[in-house]
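In: sequence and predicted structure are below.
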Amino acid sequence: MGFFDLFKRNKTKPLIIAIHGFGKRKTDEYLSLTAYFADRYEIVLPELFDQRYPQDNIWYNWVSRAEEKIIEAKNAKREIILIGFSMGGVIASFLASKFAIKRLILLAPAFEYLSVTTAKGYAFGPKRPEEKDKYVALPSEFTATFIDVVNNCRKGIENVSCPTLFIHCLNDELIPYSTSVKYYKKMKIMSKKCVLLADGQHRILDDERCGKVALALIDDFIEGKLDD
């Protein structure tokens, strides 16, 4: 069964497309989100890169892999709820500036970052002991690609017209929460929200306490319960 057939089969379910960040866990960053929404939503998780191939380091290829899923959904006449985490948040905002998106959710979007060294530490080193042998490390060539993605996509947020929710943790060790505040203010639309959480760090959805709050916020935002 092809991907387009899956869209047709699940056309009665609302659609979430979630774009992962610059890390070796890729779509596993959304394990908790998938578990939370799976009964009510169809969830599509595009993989942006393959870390087994250092030559897969062209920024627009990463972006196009997410864009392809949006085009497939559009061809199937689907409304799209678009979610992006970290670097995926930057890509999501860029794509939301190009396509009609129902709602956009940005989790700790990496419009700016503390330093390339910090980004490397997150992407290449195991964050938790149990991850050490589970995931293939990212090649060093990918760092420049990450920078290219951010530099080429971050201005898209200024042209987003759909309702948008930012969620960021005050203790984020990689992307300062002030980044979300700054780019929230750059948006011209009025239908936007920015929620700052006192608990948790960069991996919002993985945090035992903060993740539950973030998922509830996402749910309420999708359902329109946060609208003015």
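Out: Received, thanks.
In: list the buried residues in the longest helix that the chain contains.
Out: Ordering each helix of the chain by length in residues (DSSP state H) puts helix 59-75 first. Neighbour counts over helix 59-75 (16 or more other CB atoms under 10 Å) mark Trp59, Trp62, Val63, Arg65, Ala66, Glu67, Lys69, Ile70, Glu72, Ala73 as buried. (Each C-beta comes from the backbone N, C-alpha and C, glycine too.)
In: could you list every helix and strand in contact with it?
Out: Counting contacts by 3 or more CB pairs under 8 Å, 6 or more residues apart in numbering; DSSP states H and E, helix 59-75 packs against helix 3-9, strand 15-19, strand 80-85, helix 87-96, helix 142-153.
In: out of the ones you listed, deepest packed?
Out: Highest mean neighbour count of the helices and strands packed on helix 59-75: helix 87-96, a mean of 29 (counted as mean count of other CB atoms under 10 Å).
In: report the inter-axis angle for that helix versus strand 80-85.
Out: Interaxial angle of helix 87-96 relative to strand 80-85 (axes from the mean of the first three to the mean of the last three CA atoms, to 10 degrees): 150 degrees.
In: helix 87-96 - what's its average pLDDT?
Out: Per-residue pLDDT over helix 87-96 has a mean of 98.
In: and the next helix or strand past it?
Out: Later in the chain than helix 87-96, the nearest helix or strand by DSSP states H and E is strand 103-107.
In: residues of stretch 205-218 that come out buried?
Out: Under the neighbour-count criterion of 16+ other CB under 10 Å, stretch 205-218 has Leu205, Asp206, Asp207, Cys210, Gly211, Val213, Ala214, Leu215, Leu217, Ile218 buried.
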